[in-house]
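J.: Just the structure for this:
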Amino acid sequence: MTGAQRPTIRTPDQRIRVFVSSTLRELADERRAARAAIERLRLAPVMFELGARPHPPRALYRSYLAQSDVFVGIYGDSYGWVAPEEQISGLEDEYRLAPASMPKLIYIRESESREPRLRELIARIQADDTVAYLPFRTAEQLEEQVANDLATLLAERFDESRIAQEGGGPDEIPPTPASRIPVPYSATIGREREIAEVLALLERGGDPIVSLIGPGGIGKSRLAAEVARAAEHLFPDGRYFVPLEGVLEPGLLLPTIAYVLGIRDTGEAALEERIARALADRRVLLVLDNFEQIVEAAPMLARLYAGAPATGLLVTSRVVLRVRGERVVEVGALPVPDEAARGGAARVGRAAACALFVDRAQAVKPGFELTDANAAAVADICRRLDGLPLAIELAAAKVRLLTPHGIAERLEQSLPLLTGAQRDLPDRHRTMRATIDWSVSLLPDWQRALLEDLGVFARQFSLDAVEALGAGRPWEGQAMDGIAALIDGSLVRQTEIGGDSVLSLLAIVREYALGQLKAKGEAGRMRAAHADYYSALVERVAPGLRGADQGAAVVQLGAELPNLRAAVRHLVHTDRLDDAGDFAWRLLIYWWVAGFFGEVRVWMLELLGKEQPITPHTRAVAWFFALWSEMWQRPNEGVVAGLAECVRLFRESGDDDAAAMATAARATARLQLPMPDLATAERELAEAVEHLRRLGNTWAEAITEVSRGRLAWLRGDTEEAQARFDRATQVAEAGGDLFTLSVAGNHQARLQLVRGEIDQAEAGCIRTLLVSVRLHFEEGVAYGLEGLCAVAAARGDAERAGALAAAADGIRHRIGVFDAEAFTVHVPQLDAIRAADPDGMAAGERRGAELSVAEAIELALPDGERERIAPELARW
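T.: So this is what the prediction gives:
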């Protein structure tokens, strides 16, 4: 491959993204093979799962290409669909749109029946000296070729990247907290004044809460995201977007904020206190999106601000929060041309609403232009839609099929009737709902039914999940084509996360779809199917939490969290309480690793409050989760007695595994009492370990051995404590359990520090720090940094000790998790080195306070380990 200058590889700051272009159905096996090859190399496949199809959303795959690094084309017999008013297929368009500088790997399946236009395209490709192309026969052969070619390509690019860096090329810009803010799929038009107004309010700082208020579809979420992106200089400690559209219980506000901030809810301290402590003295912006459905939780925001007054709170809501310190900003519609005024394209195009229409129309039909001939119709459309951005976008999507005049005519016929049928809604909201109704009315019946059924999904979902709900529905077997049509109509959005295609609905479209489903009496059926699908997913994925697949399982469940919430909510709401209990218990390890105990407690207390018949097992599960936080925050004899009842109920249900884990929890509860019963706790922990070992529950066995080690440490028996931590580490390693390996390894290393075994402690801290990085477990990272700061202090390196200590302290304050004083063994070492070299220690602390988590980990690790963990660090 020769020709244009090739880009340097972007490692380790970003995973290499490989765009795969092919027809879909014809080459389904080959697409799977290509994806398998890409993922074998830990690269990110950009598949655009809908493939080349009728009416391809050109703007979307252009965006995908712009973000990709390598182009892989796979060609068989078919040239692909040529959309109406288009000259070439999406397949050829993707090849043409790929930048000249992008490496291109082309694979051509052997064939004697290739369509003529595809033969012409392949001939042009073969004449292009910037392209590598190879023939193949089978999908299996293709997989090996793609893997080998990508490996060779990456090796070449790595060499070029190294040469460029040695020559003084520009450094990569590392990821920033702004990456947490949603990136719009298209340009934001006509909101410059509002963005400046909200920024000025945030900069002034006199209003604890700034609320963006307006009807659905007015553009509140997009405005909030644009403000957050523009506010980096005001909030140097981070900007975080908290989506609340799938959160319906006010009690889940704080757990959701904690999740976005990375604060683990282990139940060991009040979550409100942890969040306030994590945000204290930090200039952070929290964007709370779609607050209207939990408006009863608004007083929590006032309390949060009181505990962390440097935090900015930007809220989007359809209703005013009505709490002290709220500053309301009404988000209005976009300006439209005056009805009395006359003007051609230039004048109409100056109105923001019309500019938005033109921009969105060009996204679906690149040749569309605003002309003097169609300007009046465009202005009429925007006026009829009251300047509502989402309504305008939906209407603009129709230019693929209709002229602006045709759209205006249909709106004139449809909107008065549709809006008149919804007198209970505000005018603008009625217009928005009516626009969706009109847009949906253009769909065939089966596609309309599909959109309505999608209303049961939470914020994002997969094509596999949609297909699983299709049994017996009008769209059964047509999910892929139906989703494609809904994307073309701007009713469904598609993005790509980590190489996977993700679908989503805007909140108001979901609300509309679910409303239609309820009106037809089908909502219960579809919600039940949704809950059944995610219950089956949990049953399939949860076993991986106990072994070598733990990291992958945690990531997969985290991506599905909004739908897991929706599934549990439906199970509890419809009195499928035993199913809800099983769902929650299967995910016990996930709730612990991810820190969601408080959230689960809300569901389980609701379950118990229903006073419906439930099995002893479900009652035990619900009480276990309800008592967990009480055990840490308000320890008393009642908690011990309640956990004893859990043990009895689990045994009565025949679940010896759960009974043993509840026994270990009861022993832990005894240790939290004002007058701890050490002897009984020790006996119960030993009993639990014996049962768990016999049952083969290595995860619970290892975590219980950690508790036994902590008990021995508290009693002063460091030999026994070390033996327990060693045993826990061995069990965790044998089972591939990253979480317990991190917890046990950090306890083991800290005890070695106490015993003066500095070299062994350093090796242990490095090992468990690497494990914590793989699991994205920030509490484990904090432990590792604290251990290594003590090692540096013991060796007299004050600046390194100060830097690592400050970085660890920053993590703990942000995630809100602090260790018991008895186990903070690094503090005496730091006090000693601070007394010996105060200037070096102070310099290190200043440096450490500025480090990101990834930078702190890189500082802590030896060179060889740093290079090995670089791909994982790129995700932080």
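J.: and Trp494, bridged to which residues?
T.: To be clear, residue 494 is Gln; Trp isn't right here. Counting by DSSP bridges, Gln494 forms beta bridges with Leu503.
J.: quick one: it and Leu486 touch, right?
T.: No. Using C-beta atoms under 8 Å, Gln494 is not in contact with Leu486, being 9.6 Å away. C-beta here means a position set from N, CA and C on the backbone, and glycine is covered the same way.
J.: Which of the two has more residues huddled nearby?
T.: Neighbour count, other C-beta atoms under 10 Å: between Gln494 and Leu486, Leu486 has more, with 23 against 20.
J.: mind listing what that one touches?
T.: Residues in contact with Leu486 (C-beta atoms under 8 Å, 6 or more residues apart in numbering) are 443, 447, 450-451, 454, 492.
J.: can we see that at 10 Å?
T.: By C-beta atoms under 10 Å, 6 or more residues apart in numbering, Leu486 lies in contact with 440, 443, 447-448, 450-451, 454, 492-494, 503, 505, 509.
J.: tally of neighbours for Ala507?
T.: Ala507: 23 neighbours (other C-beta under 10 Å).
J.: Next up, phi/psi of it, please.
T.: Per-residue torsions, Ala507: phi -60, psi -40 (degrees, to the nearest 10).
J.: Tell me which residues touch it, please.
T.: Counting by C-beta under 10 Å, 6+ apart, Ala507 makes contact with 216-217, 220-221, 243-246, 289-290, 292-293, 316, 318, 459.
J.: Among those residues, which pair sits farthest apart?
T.: Gly217 and Gly246 (18.3 Å; C-beta to C-beta).
J.: Please identify which of the two sits among more neighbours.
T.: Neighbours of Gly217 and Gly246, each counted by other C-beta under 10 Å, are more numerous for Gly217; the result is 28 against 22.
J.: State the helix or strand in which that one lies.
T.: Assigned by DSSP states H and E, Gly217 belongs to no helix or strand.
J.: looking at this structure, which helix or strand is least sure?
T.: helix 58-66 (a mean of 62; mean pLDDT, DSSP states H and E).
J.: if you average pLDDT over the very next helix or strand once past it, what comes out?
T.: Using DSSP H and E, the helix or strand that directly follows helix 58-66 along the chain is strand 70-75. pLDDT averaged over strand 70-75 equals 93, rounded to a whole number.
J.: Now do strand 70-75: which elements does it pack against?
T.: strand 17-21, helix 28-40, strand 44-46, helix 90-97, strand 104-109, helix 116-126, strand 131-136, helix 139-166 (3 or more C-beta pairs under 10 Å, 6 or more residues apart in numbering; DSSP states H and E).
J.: Taking helix 116-126 as reference, get the angle to that strand.
T.: 140 degrees (axes from the mean of the first three to the mean of the last three C-alpha atoms, to 10 degrees).
J.: If we go by neighbour counts, what in strand 70-75 is buried?
T.: For strand 70-75, burial by neighbour count (16 or more other C-beta atoms under 10 Å) applies to 70-75.
J.: do stretch 347-355 as well
T.: Buried-residue list, stretch 347-355, by 16+ other C-beta under 10 Å: 347-349, 351-355.
J.: What of stretch 106-124?
T.: Of the residues in stretch 106-124, those buried (16+ other C-beta under 10 Å) are 106-109, 114, 117-118, 121-122.
J.: How is this protein partitioned into domains?
T.: Using automatic domain parsing, the domain parsing of the chain gives 17-166, 177-330, 345-441, 445-521, 756-876.
J.: Of all those domains, which one comes closest to Ala721?
T.: Short answer: domain 756-876, nearest of these by C-beta to C-beta, at 10.5 Å.
J.: now the helices for the stretch 651-800 of the chain?
T.: Chain-ordered helices for the stretch 651-800 of the chain, with DSSP state H, counting those that start in this stretch as the definition, fall at 656-672, 678-695, 698-714, 718-735, 738-754, 758-775, 778-794, 798-815.
J.: The ones you listed: which one's closest to Ile381?
T.: helix 798-815 (47.8 Å).
J.: The closest one vs helix 758-775, what angle?
T.: For helix 798-815 against helix 758-775, the angle by the same axes, to 10 degrees is 40 degrees.
J.: Could you pull up the mean pLDDT of helix 798-815?
T.: pLDDT averaged over helix 798-815 gives 89.
J.: Just the pLDDT for the closest residue to Phe597 other than its chain neighbours.
T.: Distance criterion C-beta to C-beta, 6 or more residues apart in numbering; nearest residue to Phe597, sequence neighbours excluded, is Gly267 at 4.1 Å. If you check Gly267, the pLDDT there is 71.
J.: So Gly267 sits against Trp592, correct?
T.: Yes. The criterion here is C-beta atoms under 10 Å, and Gly267 meets it with Trp592 at 9.2 Å.
J.: can you list residues touching both of these two?
T.: Shared contacts of Gly267 and Trp592, counting by C-beta under 10 Å, 6+ apart, come down to Trp628.
J.: Neighbour count for those two, which is higher?
T.: Gly267 (23 against 20).
J.: Let's verify the more buried one: helix, strand, or coil?
T.: Here Gly267 takes the coil state, with states given by DSSP: H, G, I helix; E, B strand; the rest coil.
J.: now it: how far from Ala626?
T.: 10 Å (C-beta to C-beta, to the nearest Å).
J.: all strands for the stretch 151-300 of the chain, in order.
T.: 209-213, 239-243, 285-289 (DSSP state E, counting those that start in this stretch).
J.: Determine which stretch of these is the most buried.
T.: Sort the strands of the stretch 151-300 of the chain by mean neighbour count, taking mean count of other C-beta atoms under 10 Å, and strand 285-289 sits at the top with a mean of 25.
J.: and that strand, average pLDDT?
T.: For strand 285-289, the per-residue pLDDT averages 94.
J.: quick one: low-confidence parts of the stretch 351-500 of the chain?
T.: 415-430, 498-499 (pLDDT under 70).
J.: Let me see the contact set for the spatially most central residue of the chain.
T.: The centroid of the chain falls nearest to Ala559 when counting by C-alpha atoms, centre = their mean (5.4 Å). Counting by C-beta under 10 Å, 6+ apart, Ala559 touches 460, 462, 497-498, 500, 502.
J.: Look up how far Glu778 lies from it.
T.: The gap separating Ala559 from Glu778 is 18 Å, by C-beta to C-beta.
J.: Please apply the same query to Glu26.
T.: Using C-beta to C-beta, Glu26 is found at 46 Å from Glu778.
J.: Same drill for these two, tell me which one is more crowded.
T.: Neighbour count, other C-beta under 10 Å: between Glu26 and Glu778, Glu778 has more, with 21 against 18.
J.: my guess is the more buried one contacts His813, does it?
T.: No. Checked against C-beta under 10 Å, the pair Glu778 and His813 is beyond contact range at 11.5 Å.
J.: On the three-state scheme, Glu86 is what?
T.: coil.
J.: re the thing from before, most tightly surrounded among the helices and strands packed on strand 70-75?
T.: Scoring these by mean count of other C-beta under 10 Å, the most buried comes out as strand 17-21, with a mean of 26.
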